[in-house]
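Chemist: This is a predicted model, with the sequence first.
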Amino acid sequence: MQRRQGNGLAVVLIVIGAVMLLGLALPLIHGIFRLLFPVLLVVLGYYGIKSGRKIIGWVLMFIGVMSLIAKLSWIIGPLLGVALIVWGVYALKGRRNGTY
């Protein structure tokens, strides 16, 4: 049996295809592409703005940013809550020190 040096890529492709058929990689791939597509829209929008196609660039960037905000809202909400609490505590401490 002869071994050729290009077999590594073929084996990797076969393994990836088998894992996809078994359904093991689907959640991982879905998670990656769920965030990758909006990021790609933002990058394409930025590239469009820089290359002179301002209208399509701003439209793509707006859609990408809105999609990212929607997909990351599970972390943005709690972070906003923590930021408001810290800001409120800081404002109370600053006001108390200013009156003495």
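Modeler: Great, that's in hand.

Chemist: which residues does residue 40 contact?
Modeler: Taking C-beta atoms under 8 Å, 6 or more residues apart in numbering, we find residue 40 in contact with residue 64. C-beta coordinates here come from the backbone N, C-alpha and C atoms, glycine included.

Chemist: pLDDT below threshold where in the protein?
Modeler: Low-confidence segments of the chain (pLDDT under 70): 1-6, 24-26, 95-100.

Chemist: make it 50
Modeler: Scanning the chain for pLDDT under 50 picks out the ranges 100.

Chemist: Give me the distance between the residue most central in space within it and residue 94.
Modeler: Most central residue of the chain, judged by C-alpha distance to the mean C-alpha position with C-alpha atoms, centre = their mean, is residue 35 at 3.9 Å. The gap separating residue 35 from residue 94 is 38 Å, by C-beta to C-beta, to the nearest Å.

Chemist: for residue 86, same thing?
Modeler: Look at residue 86 and residue 94: by C-beta to C-beta, they are 12 Å apart.

Chemist: now do residue 55
Modeler: For residue 55, the distance to residue 94 equals 45 Å [C-beta to C-beta].

Chemist: all helices of this protein, in order?
Modeler: Ranges of helices in the chain, per DSSP state H, are 7-22, 26-50, 54-71, 73-99.
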